[in-house]
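Chemist: sequence-free structure coming up:
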Ligand SMILES: Nc1nc2c(ncn2[C@@H]2O[C@H](COP(=O)(O)OP(=O)(O)OP(=O)(O)O)[C@@H](O)[C@H]2O)c(=O)[nH]1
Ligand SMILES: [Mg+2]
């Protein structure tokens with residue numbers, strides 16, 4: 001399976017993979033995903049509202065306003081799929097986006113938004129924690145940080161949790177269009193240091209405005225989710 005749109009695919013062989021990797025790709029190619037067939041499915045605030053079934057889920061976590069919903073739209077090349085806003089606190093429930101009946105992107109509310117009531121903050125935190133701690137279908141967490149800013153204590157806590165739970169994860173530094181190209185590598189190194197990101201975890205600069213980083217993220221997602229799915233089948 002290639003989770004990018006057809007026409008942008010590379011086969012395992014053409015990427016020079018070894019035999020076992022290319023066999024895995026063959027297994028997973030039994031069905032090809034068409035990302036243009038993506039749709040909003042439902043919003044949940046508690047587990048009995050999560051979608052039924054066994055499709056793998058990729059969750060997006062990060063501070064409010066960091067660009068989670070925009071990232072979903074940009075990856076799907078669909079402007080209004082997930083609702084975005086320049087005012088933090090836009091996403092208030094857990095939104096499930098069905099990608100060609102093959103997997104879900106799960107858009108979570110952001111954390112660390114100062115302007116909501118204590119009560120609302122606590123209820124969002126519980127909603128996020130419950131999903132992350134209990135959801136068996138969760139296969140990968142994408143953690144977003146703003147490329148311009150130092151990670152917050154909440155970001156550090158979130159990363160700690162990811163490591164403690166031992167779940168597959170990757171990092172995206174958003175809003176890369178807001179700094180000059182020449183500064184991007186330097187900021188990535190600083191973020192890695194500030195957050196203590198392990199060398200084997202990927203950290204990619206992304207811009208939902210320009211699509212910078214899009215191809216790389218799709219190829220990382222393909223590796224991370226599909227290899228897991230294949231491993232579970234073996
Ligand atoms: N320039 C630029 N702006 C971006 C980018 N990504 C997101 N934004 C803007 O940042 C604001 C917040 O984006 P959202 O995608 O709504 O952020 P979110 O993380 O989903 O926010 P919550 O739902 O509040 O948690 C919007 O005004 C977006 O247009 C980017 O890559 N570049
Ligand atoms: Mg959002």
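Modeler: Received the coordinates, thanks. Computed from a prediction, not measured in an experiment: that's the story for all the values here. Numbers count the residues shown, from 1 in each chain. Ligands and ions are numbered 1, 2, ... in the order given.
Chemist: contacts, neighbours, all on C-alpha from now
Modeler: OK.
Chemist: Tell me where the chain has helices.
Modeler: Taking DSSP state H, the helices of the chain run over residues 19-28, 68-76, 118-134, 153-165, 181-195, 214-221, 227-233.
Chemist: Longest strand of the chain, counting residues only.
Modeler: strand 138-146 (DSSP state E).
Chemist: Can you tell me which residues in the chain are near ligand 1?
Modeler: Within the chain, the positions lying close to ligand 1 (C-alpha under 6 Å from any ligand atom) are 64-70, 84-86, 88-91, 109-110, 174-175, 177-178, 207-209.
Chemist: Contact partners for residue 198?
Modeler: residue 192 (C-alpha atoms under 8 Å, 6 or more residues apart in numbering).
Chemist: Check the gap between it and ligand 1 for me.
Modeler: 23 Å (C-alpha to the nearest ligand atom, to the nearest Å).
Chemist: Tell me what the residue nearest the centre of the chain is bridged to.
Modeler: In the chain, the C-alpha nearest the mean C-alpha coordinate belongs to residue 142, at 3.4 Å (C-alpha atoms, centre = their mean). For residue 142, the beta-bridge partners are residue 60, residue 170 (DSSP bridges).
Chemist: which residues sit in contact with residue 147?
Modeler: Contacts of residue 147 (C-alpha under 8 Å, 6+ apart): 173-176, 184, 187-188, 191, 205.
Chemist: wait, isn't residue 139 in contact with residue 165?
Modeler: No. When contacts are counted by C-alpha atoms under 8 Å, residue 139 is not listed as touching residue 165 (11.6 Å).
Chemist: Which one's more surrounded, the two?
Modeler: residue 139 (19 against 11; other C-alpha atoms under 10 Å).
Chemist: Would you point out the helix or strand in the chain whose mean pLDDT is lowest?
Modeler: Lowest by mean pLDDT, DSSP states H and E among the helices and strands of the chain is helix 19-28, with a mean of 36.
Chemist: so what's residue 41 scoring on pLDDT?
Modeler: The score at residue 41 is 95. That number is its pLDDT.
Chemist: Now, of the residues of the chain next to ligand 1, which are buried?
Modeler: Buried members of the residues of the chain next to ligand 1, counted by 16 or more other C-alpha atoms under 10 Å: 64-70, 84, 88-89, 91, 109-110, 174-175, 177, 207-208.
Chemist: circling back to that earlier point, would a markdown table of the helices of the chain with distance to ligand 2 be doable?
Modeler: As requested, the helices of the chain are exported to a markdown table (distance: least, C-alpha to the ion, whole Å):
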| stretch | distance to ligand 2 |
| --- | --- |
| helix 19-28 | 31 |
| helix 68-76 | 4 |
| helix 118-134 | 13 |
| helix 153-165 | 16 |
| helix 181-195 | 22 |
| helix 214-221 | 18 |
| helix 227-233 | 27 |
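Chemist: from those, which stretch is densest packed?
Modeler: For these, the largest average neighbour count (mean count of other C-alpha atoms under 10 Å) is found in helix 68-76, namely a mean of 23.
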